[in-house]
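Q: got a predicted structure plus its sequence, pasted below:
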Amino acid sequence: NSDGFNILCYTFNVTQDTTNDKYVFRYDHQLVKDTSLGSHKLEFVFSKVKTRTFPDVTTNGIDAPFPGGVHGFQASSRNLITPALVSTFGSNVTNTVRYGRQWAPVDFNRDSMPTAPFFGLSGVLTNYDNTFMPQPRNTTVNQITDNLSWVKGNHLWKFGADWQRMESVNHFRFPGDKVFYVFDFNPSSRTYQPFVYEQYDDAPSTSKGDQLAVYARDRFQLGARVSVEAGVRLEHQTGTSDIGAGTVDAWVFAPRVSGSVSLTSDSKTILVGSFGRFHDSILQGFSDAFASVPQQTNYNSYEWDGSQYVFSYRNEQGGNTFMPNLAVTPRYMDEMTGGFERQVNNSLGFGVRVISRTWKNFIDDVRSFEPDGTITRVVQNIADGSRTYRGLELSFDKRFSNNWSLSGSYTYSKTRGNHFGDDFTALDDFVDATCQQSVDPGLGDAEGKFPCASIQSRLSGTPAYDRPHLAKFAGAYRHPIGRVDLTA
């Protein structure tokens, strides 16, 4: 049975095959050690993850093979290169500077591609083998981070900076950038009577974004039983659309503090707590929503004159009328935790923790009617968007001893709210308008009319990803055989 959304319960006439291959290469080299200028080590990591789903049945519902059908598939290759320089200066200062470059091309495609899409005009308009056209995408991220640790007396200071530049490329096109409208098309022999073809502009859409964050924090002791860590984080994010227009320009400030109090002199029983504000980065897809480079849109039309195709007219559409709002700021989450930890012996301990998370400042598009009946769409931070998470976590940890270790946790939680999307939802849409329906006689007046705003309360509930019960376990076992150690 289907729930209307999940197609995983269906039986398809073709087996889906997914492959996932991962390759990792690492090289470490000690450049210098214990010199007057410190010790310096070079680290280099390259990783590659190749994923391919063929045919892509559950995601895109491709029911091939049928006579003349195709296999739709998706494939991706995630690549990461990250060199780093790790430096120590005496026993008090450590610095790590790291560069990373990640690119992840994704291809939604098919195993056989027509030379060009054909539409048959004989009788009923027929779309011949033109589904699941190529949709290549690629996101490239360049990142530089620097983290400095400094031990000074009773304090452990940490300072850092993180810079990222992102580029998102979407390239939707027809094979050969052409579409043919013909008569008497034969799918087997590919013969037809020519009529009209459209030559489309080949125009990839590229958006860009930059993020810069700096932070500082300090961990210190207040007496023998109290430990405190406090810090702040400042972030700036900008973004541009595919025509270079600004889409994001936001500054955010995030304080964070945590601490623990030992209830016993042996520090085996402690109370822990924390508060932090965490801002979600505005995804690059947000800037993509304001794309103004038309894809599969602008074209020259050519008409068959009996012996050849001749130019007929030019179809050109304007840019996107959906405008960004540079005043929006990222969504944030306030997290508070409190708990109790107890060390039973040198290798075993357990804990109880309460977790409260509240999300605010959601970015959404608000739609409304103008007096002339047209629809306006405005991007803004909405005040009535809400999402909460409340959880109780029980955990234990058996540290590695006697050749084995084991840790685990159980969490009971609830997630509630009315906004579970990354950006645009139906929240606050058409709240000043009047809706009308003819299905439910108990809803609205005699004509079925009711305020659209009354629908908003029905948007609250539980998201599909809510998991009230979550158990996690991890362990390791070591078995030495001569000079060889077997670990599982």
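A: In hand now; what should we look at?
Q: from now on I want contacts and neighbour counts done on CA atoms only, so please keep to that.
A: OK.
Q: partners of the nearest residue to Leu37 once chain neighbours are set aside in the sheet?
A: Once flanking residues are discounted, Leu37 sits nearest to Phe89: 7.1 Å by Cα to Cα, 6 or more residues apart in numbering. With beta bridges defined as DSSP bridges, Phe89 has these partners: Val93.
Q: tell me how many other residues crowd Phe89.
A: The tally of other residues near Phe89 (other Cα atoms under 10 Å) stands at 16.
Q: element containing Gln211, please.
A: Assessed by DSSP states H and E, Gln211 sits inside strand 205-222.
Q: so what are the sheet partners of the helix or strand that that strand is followed by and their directions?
A: Counting by DSSP H and E, the next helix or strand C-terminal to strand 205-222 is strand 226-240. Strand 226-240 sits in its sheet next to strand 205-222 (antiparallel), strand 246-262 (antiparallel), going by DSSP bridges.
Q: turn these into TSV, columns for distance to Thr145.
A: Listed next are these as TSV, based on distance: least, Cα to Cα, whole Å:
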stretch	distance to Thr145
strand 205-222	9
strand 246-262	18
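Q: check His40 and give its pLDDT.
A: His40 carries a pLDDT value of 96.
Q: and Pro294, by the same measure?
A: With respect to pLDDT, Pro294 scores 79.
Q: how many other residues sit next to it?
A: 18.
Q: need the strands paired with strand 226-240 in JSON lines (columns: mean neighbour count, distance to Glu43 and mean pLDDT).
A: Shown next, in JSON lines, are the strands paired with strand 226-240 (neighbours: other Cα atoms under 10 Å; distance: least, Cα to Cα, whole Å; pLDDT from 0 to 100):
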{"stretch": "strand 205-222", "mean neighbour count": "19", "distance to Glu43": "23", "mean pLDDT": "94"}
{"stretch": "strand 246-262", "mean neighbour count": "18", "distance to Glu43": "30", "mean pLDDT": "95"}
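Q: out of those, which comes closest to Ala433?
A: In terms of Cα to Cα, the element of these nearest to Ala433 is strand 246-262, at 28.8 Å.
Q: contact partners of that closest one?
A: Applying Cα atoms under 8 Å, 6 or more residues apart in numbering, the contact partners of strand 246-262 are 225-241, 268-279, 287, 290, 324-330.
Q: now stretch 326-337
A: Stretch 326-337 has contacts (Cα under 8 Å, 6+ apart) with 246-252, 272-282, 353-363, 379-381.
Q: ok, 7 Å please
A: For stretch 326-337, the external contacting residues (Cα atoms under 7 Å, 6 or more residues apart in numbering) are 247-250, 273-282, 353-363, 380-381.
Q: what are the ranges of the strands in the stretch 101-250 of the chain?
A: 106-110, 118-120, 126-128, 137-152, 155-170, 178-186, 191-200, 205-222, 226-240, 246-262 (DSSP state E, counting those that start in this stretch).
Q: relative to Gly38, which of the ones you listed is closest?
A: Gly38 lies closest to strand 137-152 among those, at 14.1 Å (Cα to Cα).
Q: the closest one: which residues count as buried?
A: Neighbour-count burial for strand 137-152, with 16 or more other Cα atoms under 10 Å as criterion, is recorded at 137-150.
Q: same check on stretch 312-329?
A: By 16+ other Cα under 10 Å, the buried positions in stretch 312-329 come out as Met323, Pro324, Val328, Thr329.
Q: would you pull up how far it lies from the middle of the chain?
A: 24 Å (Cα atoms, centre = their mean, to the nearest Å).
Q: can I get that stretch as CSV, trimmed to CA atoms?
A: The C-alpha trace of stretch 312-329 is given here as CSV (Å, rounded to 0.1, in the frame of the first residue of the first chain):
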residue,chain,number,x,y,z
SER,A,312,10.8,32.0,-38.7
TYR,A,313,11.0,34.0,-35.4
ARG,A,314,12.9,34.5,-32.2
ASN,A,315,11.4,33.6,-28.8
GLU,A,316,12.9,35.5,-25.9
GLN,A,317,11.7,35.7,-22.4
GLY,A,318,12.8,38.2,-19.7
GLY,A,319,14.6,37.4,-16.5
ASN,A,320,13.2,36.2,-13.2
THR,A,321,10.8,38.6,-11.6
PHE,A,322,11.3,37.0,-8.2
MET,A,323,13.6,39.4,-6.4
PRO,A,324,15.9,38.8,-3.4
ASN,A,325,15.8,40.7,-0.1
LEU,A,326,19.3,41.6,1.2
ALA,A,327,17.8,42.3,4.6
VAL,A,328,17.2,38.6,5.4
THR,A,329,19.4,36.9,8.0
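Q: now do that stretch, average pLDDT.
A: So the average pLDDT for stretch 312-329 ends up being 86.
Q: ok, what's across the strand from the residue lying closest to Ser386 once chain neighbours are set aside?
A: Setting aside the residues directly before and after it, Ser386 is nearest to Gly417 in space (Cα to Cα, 6+ apart), at 5.0 Å. Here Gly417 sits in beta bridges with Arg387, Gly461, going by DSSP bridges.
Q: my guess is Gly417 contacts Ser460. True?
A: Yes - using Cα atoms under 7 Å, Gly417 makes contact with Ser460 at a distance of 5.3 Å.
Q: quick one: least confident helix or strand in this structure?
A: With mean pLDDT, DSSP states H and E as the measure, the helix or strand of the chain carrying the lowest mean pLDDT is helix 57-60 (a mean of 52).
Q: picking that back up, of the strands paired with strand 226-240, which is nearest Val93?
A: Taking the strands paired with strand 226-240 one by one with Cα to Cα, strand 205-222 is closest: 14.0 Å.
Q: quick one: mean pLDDT for stretch 356-370?
A: 94.
Q: can you pull the buried residues of that stretch?
A: Quick answer for stretch 356-370 (16+ other Cα under 10 Å): 356-368.
Q: that stretch: end-to-end distance?
A: 41 Å (Cα to Cα, to the nearest Å).
Q: ok now it, how far from the chain's centre?
A: Per Cα atoms, centre = their mean, the centroid offset for stretch 356-370 relative to its chain is 18 Å.
Q: one step back: what angle do strand 137-152 and the strand holding Gln211 make with each other?
A: 20 degrees (axes from the mean of the first three to the mean of the last three Cα atoms, to 10 degrees).
Q: so strand 205-222 versus strand 155-170, what angle?
A: 170 degrees.
Q: quick check: the gap between the residue most central in space within the chain and Leu326.
A: Central residue of the chain (Cα atoms, centre = their mean): Leu283, 7.1 Å from the mean position. With distances taken as Cα to Cα, Leu283 is found 15 Å from Leu326.
Q: and if you look at Gly417?
A: 26 Å.
Q: pLDDT below threshold where in the protein?
A: For the chain, applying pLDDT under 70 flags the ranges 1-16, 55-73, 109-117, 122-135, 319.
Q: all helices for it, in order.
A: 57-60, 284-288 (DSSP state H).
Q: by contact count, what packs against the last one?
A: For helix 284-288, the helices and strands in contact under the criterion 3 or more Cα pairs under 7 Å, 6 or more residues apart in numbering; DSSP states H and E are strand 205-222.
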